[in-house]
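Colleague: I would like to see how this sequence folds:
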Amino acid sequence: MSEQYCEVPVKCVDTVQAKLKRIGLILLIIVTIPLMAINQFMYLIPVAATVFCIYMFPRLKAQEYEYIYVDGQIDFDRISGGVKRKTMYRVDLENVAVVAPTGSDDVREFDNREGLKTKNFSSLAKDAKTYTLIEERAGVTTKIIFEPDEDMLDKMKFKAPRKIKKY
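Modeller: All right, here's what the predicted structure looks like:
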């Protein structure tokens with residue numbers, strides 16, 4: 001069987017919001033430590049704060065996306081905290097109008113469509129080479145921004161040569 005398969009992991013840029021949350025968790029522990037001197041039962045508050053921080057800290061790691069291409073179908077999965085995976089969106093190449101570099105003329109013609117939904121599954125890095133996938137399904141046009149590698153683009157182009165634009 002000539003099944004085409006490709007996985008592309010993309011690690012997102014750490015956001016300022018996630019950094020501030022991690023700093024807040026550390027400050028929570030530091031602020032609650034002096035409470036132990038007030039009363040003998042107040043030691044439970046810093047212990048509870050520490051347990052809470054140990055539970056929450058891994059969940060604030062930078063997100064990752066993984067694109068899985070299998071025979072004309074692309075799954076966009078989000079991996080949170082390095083352990084929790086969720087399929088965010090699934091695209092079939094039969095419903096794709098075009099896949100082209102972001103900002104190219106092939107993609108810009110779809111920007112003014114009414115009801116255009118945009119989903120960004122890229123790393124949000126400034127120097128990242130992103131591609132835009134335009135999907136038209138059931139009267140709804142969806143614009144997906146992602147970062148495929150050359151291997152994934154080649155396999156997609158093999159399946160749908162007229163829809164994939166590589167520059």
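Colleague: next SSE after the lengthiest helix in the chain?
Modeller: Counting residues, the longest helix found in the chain (DSSP state H) is helix 16-32. Next along the chain after helix 16-32, taking DSSP states H and E as the criterion, comes helix 44-56.
Colleague: that next one: which residues count as buried?
Modeller: 45-46, 49 (16 or more other C-beta atoms under 10 Å). Backbone N, C-alpha and C define where each C-beta goes, glycine included.
Colleague: could you check the angle the longest helix of the chain makes with helix 44-56?
Modeller: Counting by axes from the mean of the first three to the mean of the last three C-alpha atoms, to 10 degrees, helix 16-32 lies at 160 degrees to helix 44-56.
Colleague: average pLDDT across helix 16-32?
Modeller: For helix 16-32, mean pLDDT is 88.
Colleague: quick one: contacts of it?
Modeller: For helix 16-32, the external contacting residues (C-beta atoms under 8 Å, 6 or more residues apart in numbering) are 45-46, 49-50, 52-53, 56-57, 60-62.
Colleague: ok now that helix, how far from the chain's centre?
Modeller: Chain-centre distance of helix 16-32: 24 Å, with C-alpha atoms, centre = their mean, to the nearest Å.
Colleague: got it, and stretch 142-154?
Modeller: 13 Å.
Colleague: and Tyr65, what pLDDT?
Modeller: Tyr65 carries a pLDDT value of 94.
Colleague: for the helix or strand where Leu133 lies, buried residues please.
Modeller: Assigned by DSSP H and E, Leu133 falls within strand 131-137. Neighbour-count burial for strand 131-137, counted by 16+ other C-beta under 10 Å, picks out 131-135.
Colleague: what sits up against it?
Modeller: Applying C-beta under 8 Å, 6+ apart, the contact partners of strand 131-137 are 74, 91, 95-104, 107, 110, 141-148, 153.
Colleague: can you list the strands that it pairs with?
Modeller: With DSSP bridges as the test, strand 131-137 is paired with strand 96-101 (antiparallel), strand 140-146 (antiparallel).
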